[in-house]
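**Student:** missing the sequence, but the structure's below:
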C-alpha cells in the first residue's frame, strides 16, 4: 500500500524566546488530506508545524516548530514514502540573529535582518527520484504564472493554487496545474470535500490500483 | 455587579497579506479567568486576539487582530468596567511598511524596520481613574525588578509575573506583585485553578461583597 508524506501547518521563526515570524496556516487542509488518505486506505506520515487541529489518530505525526526542523523531518521520512503533498506554509524568512532573552522595548525602532529559510519543496524536489510531489502555492499576484514557475523551479508534478483568503478558513477554492500550465481540475467547497477530490485526482494519476 | 474587562491572547502585526509577527499566547489563561469570573457572578468583557480557545458563551467577546485594534476595543469597553485584567500578549512591534502583495523570495536578505505598537496597559493606566488594573508580565531577565518597574510605569495595581514556559501550556506558575514590590501571592498549577485563585485575590482586594 502506498505511503503518503504530508507537510502541514505553518512553521515559526523566533526572534527571541517569545516573538516569532509566522503565518495563519491552521493545518486544516493538511488534516483533511490526511483523513481522506487514511479513509482511502493509504498510510500517511504528517510533518506538522504548531497547529490546534487534531490529526487522525491512525497516522504518524511528527511535530516541528521551525522550517529547518520541518525540512529535516520531511527529508528523513520521504524515502519511506511514495509521494509528497506539501500543503504546509513554512515561514520562509528567519532572523539572522536570535536573542536568548526577550528583547526589551526601548522606545526606539528596531531593524531586523531576515534571511531565507531552507526551501523544503525545492530540496525534496531535487531528491525525489521516482516519487511524485504535489505542492500548494499561495499567490496574491499573477497567480497562475507564479504557481507554474514555482512548480518547474521546484521539480513538482502538480501545483495546487490557492489564495490567502483560504488561510484558516473552513472552505477553499483551488486549481490544480500541471507542468505545462494546464488546469487539471478546479475544486471548491469545504476543505474536507476538496481534500477528498484532490486525493482522488492524485491517486488516479500516480497510485492506480494494482 | 462588577464588570471585568479581560484582554486575552496574542495580537498579530502583518508584514504582507500572509506573514506576520506574533507570539504563542494561546488565550488559555484569559479563557480560564473569564470562566472563573463568570462562575463568581461577575460580568465579563473579553477583548481577544486570534486564538482557538472557546470563551464561555455567556460573555461578550470582541475579536481583534492587531495591537491597535485591541487598544481601540479595550479603550471603548473600559469605561463600562470596574477593572482590567490584562493577560493578553500583544505584539509590541509592527513593521513600518506593510506590503499589499505577498513579498516574493528573491534569494536576498530582507531588512525590516519595526516600530513599537501602542502600549495598551500603559494607555489604560493613564485613563483608569478609580478602576483597578492587574496586568501580566512575561520576563526572562531579572523578572521581579522588570515586572515591578512595568507596574509602576503603566500605573497598574498588581502585576502577575510569569515566564515564557507558561505560554501555550496547560499549567502555569505566577507571582502577584504589588507596587512596593512585595509578593502578594504565589500561585502554581493548572491554569484554571490558578485563574480561580487569582480572581479570588482580586475580588477580595477590589470587589468586596457589598
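**Tutor:** Everything's here; your move. Because the structure is predicted, anything quoted here is derived from the model rather than measured. Numbering: from 1, shown residues only, chains lettered A, B, ... in the order given.

**Student:** contact residues of chain A facing chain B?
**Tutor:** Residues of chain A found near chain B (C-beta under 8 Å from any C-beta of the partner chain) are A:12, A:15, A:17-24, A:50, A:52, A:89, A:91-93, A:96, A:101-102, A:105, A:107, A:109-116, A:138-141, A:164, A:167. To be clear about C-beta, it is placed using only N, CA and C from the backbone, and glycine gets the same treatment.

**Student:** gap between the residue nearest to the spatial centre of chain A and residue A:126?
**Tutor:** Centroid check for chain A by C-alpha atoms, centre = their mean gives residue A:88 as the closest residue, at 2.1 Å. Residue A:88 sits 18 Å away from residue A:126, taking C-beta to C-beta, to the nearest Å as the criterion.

**Student:** what about the nearest residue to residue A:109 once chain neighbours are set aside, how many residues close to it?
**Tutor:** Counting by C-beta to C-beta, 6 or more residues apart in numbering or on different chains, residue B:115 is the residue found nearest to residue A:109 once chain neighbours are left out, at 4.8 Å. Using other C-beta atoms under 10 Å in any protein chain shown, residue B:115 has 13 neighbouring residues.

**Student:** residue A:11 is in contact with residue A:69, correct?
**Tutor:** Yes: using C-beta atoms under 8 Å, residue A:69 is in contact with residue A:11, at 7.4 Å.

**Student:** so which elements touch the longest helix anywhere in chain A?
**Tutor:** Of all the segments of type helix in chain A, defined by DSSP state H, the longest one is helix A:191-206. On a contact count with 3 or more C-beta pairs under 8 Å, 6 or more residues apart in numbering or on different chains; DSSP states H and E, helix A:191-206 meets helix A:28-39, strand A:83-86, strand A:132-138, strand A:158-162, strand A:171-177, strand A:183-190.

**Student:** now these as JSON lines including mean pLDDT?
**Tutor:** Formatted as JSON lines, those follow (pLDDT from 0 to 100):
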{"stretch": "helix A:28-39", "mean pLDDT": "96"}
{"stretch": "strand A:83-86", "mean pLDDT": "98"}
{"stretch": "strand A:132-138", "mean pLDDT": "96"}
{"stretch": "strand A:158-162", "mean pLDDT": "95"}
{"stretch": "strand A:171-177", "mean pLDDT": "93"}
{"stretch": "strand A:183-190", "mean pLDDT": "94"}
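
**Student:** mind putting the ones you listed in CSV, mean neighbour count included?
**Tutor:** Listed next are the helices and strands packed on helix A:191-206 as CSV, based on neighbours: other C-beta atoms under 10 Å in any protein chain shown:
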stretch, mean neighbour count
helix A:28-39, 24
strand A:83-86, 26
strand A:132-138, 23
strand A:158-162, 25
strand A:171-177, 19
strand A:183-190, 14
